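> take this sequence and fold it.
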Amino acid sequence: MNSKTLLEKAVSILAGSNNTVVVTGAGISTEAGIPDFRGEKGIYRTLGEDRVMRIINIDAFHRQPEVFWDFYRRYFDFPPVEPSLAHKTLADMESKGFIRGIVTQNIDGLHEKAGNRNVIAVHGTADRFICTNHKCRRVYEAEYVRDFPQIVPACSACGGVIKPDVVLFGEAIQNYMDARQLILEAKVLVVIGSSLTVYPLAGFVKEFSSFYQDLIIINKGPTHLDHAALVKIEVENTTGEILQEINRQLQILKR
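Next up, the predicted model:
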């Protein structure tokens with residue numbers, strides 16, 4: 001089946017749904033300039049996954065906050081980027097009622113910045129920071145942490161160590177039940193930019209595919225659930241172009 005036929009089939013499936021949920025991974029954000037940590041030049045390959053997991057770990061954060069923060073500042077402090085065409089198109093599709101919500105593995109906040117309102121970020125948000133003192137829990141923006149004079153940022157109210165509001169190795173994902181419920185209650189599930197290897201989110205998608213048939217995957221390269229998808233669209237140029245065409249055709253059908 002050629003790419004045009006696959007796209008038309010995806011549009012037909014989406015047009016018949018009043019409850020479409022989108023799951024996004026790193027692939028959608030690389031188009032906006034965010035590095036893929038697991039990609040060819042990502043830190044998991046260049047530094048070694050074992051080393052990264054030992055440092056970006058909740059136990060390491062508590063045990064050696066200086067080592068953690070030195071590493072985090074060096075490899076995870078990215079300059080601000082704007083949402084890609086894919087992010088903007090998904091926001092437009094939500095505003096038109098074509099999709100109900102997004103569950104994302106990404107920590108960049110680009111879905112919200114693009115205008116999506118119903119976003120569940122299961123791995124947290126990189127531009128938000130929280131005091132780890134449970135009696136305080138003050139929230140800080142990236143500028144405070146970036147400008148802090150010491151390696152380890154401290155809370156201005158209580159002096160507690162500040163932690164990025166992202167899920168580290170050894171921590172449970174955020175909004176577990178909400179993410180699972182949104183995915184399993186969907187009529188159509190669209191996976192974008194994920195090879196579906198990171199659990200538990202990949203497990204939610206697998207659980208959905210074991211009960212339903214309306215799974216669409218848009219990704220560069222194979223995923224672990226290609227066999228379960230009604231439609232698998234291989235990304236050749238950008239995800240944004242594919243989504244833009246899907247959005248255009250849906251608007252024509254819904255007139």
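
> end to end, how far does stretch 56-74 reach?
12 Å (Cα to Cα, to the nearest Å).

> okay, now the nearest residue to residue 197 once chain neighbours are set aside: neighbour count?
Spatial nearest neighbour of residue 197, chain neighbours left out: residue 224 (6.1 Å); criterion: Cβ to Cβ, 6 or more residues apart in numbering. For the C-beta atoms, the positions are set from N, CA and C on the backbone; glycine is no exception. Counted by other Cβ atoms under 10 Å, the residues lying close to residue 224 total 13.

> likewise for the one 5 residues further on?
A count of nearby residues for residue 229, using other Cβ under 10 Å, gives 22.

> ok, now how distant is it from residue 27?
15 Å (Cβ to Cβ, to the nearest Å).

> which parts of the stretch 1-150 of the chain are strands?
Here the stretch 1-150 of the chain has its strands, by DSSP state E, counting those that start in this stretch, at 20-24, 101-104, 119-121, 124-131, 139-141.

> list the strands paired with the longest one, with their directions.
So the one you mean is strand 124-131. strand 139-141 (antiparallel), strand 162-166 (antiparallel) (DSSP bridges).

> how about the residue lying closest to residue 136 once chain neighbours are set aside, secondary structure?
Closest residue to residue 136 apart from its sequence neighbours, by Cβ to Cβ, 6+ apart: residue 158 at 4.4 Å. Secondary structure, DSSP: H, G, I helix; E, B strand; the rest coil: residue 158 is coil.

> enumerate every residue touching residue 158.
With contact set as Cβ atoms under 8 Å, 6 or more residues apart in numbering, residue 158 has these partners: 131, 133, 135, 136, 138.

> buried only: go through the residues you listed for me.
131, 133 (16 or more other Cβ atoms under 10 Å).

> longest single helix anywhere in the chain?
helix 239-253 (DSSP state H).

> centre of the chain to that helix, how far?
21 Å (Cα atoms, centre = their mean, to the nearest Å).

> state the phi and psi torsions of residue 192.
Per-residue torsions, residue 192: phi -130, psi 120 (degrees, to the nearest 10).

> report how many residues lie close to it.
23.

> how many residues are close by the closest residue to residue 221 other than its chain neighbours?
Nearest residue to residue 221, sequence neighbours excluded (Cβ to Cβ, 6+ apart): residue 195, at 6.6 Å. Applying other Cβ under 10 Å, we find 20 residues neighbouring residue 195.

> check residue 66 too.
10.

> that one reaches residue 151, doesn't it?
Yes: between residue 66 and residue 151 there is a contact under Cβ atoms under 8 Å: 5.5 Å.

> between these two, what contacts are shared?
With Cβ under 8 Å, 6+ apart, residue 66 and residue 151 have no common neighbours.

> show me the shaky parts of the stretch 51-200 of the chain.
Along the stretch 51-200 of the chain, no part satisfies pLDDT under 70.

> all helices for it, in order.
Using DSSP state H, counting those that start in this stretch, the helices of the stretch 51-200 of the chain run over 58-63, 65-75, 85-95, 110-114, 142-147, 176-184.

> which of these sits closest to residue 244?
Among the helices of the stretch 51-200 of the chain, helix 85-95 comes nearest to residue 244, with 5.1 Å by Cβ to Cβ.
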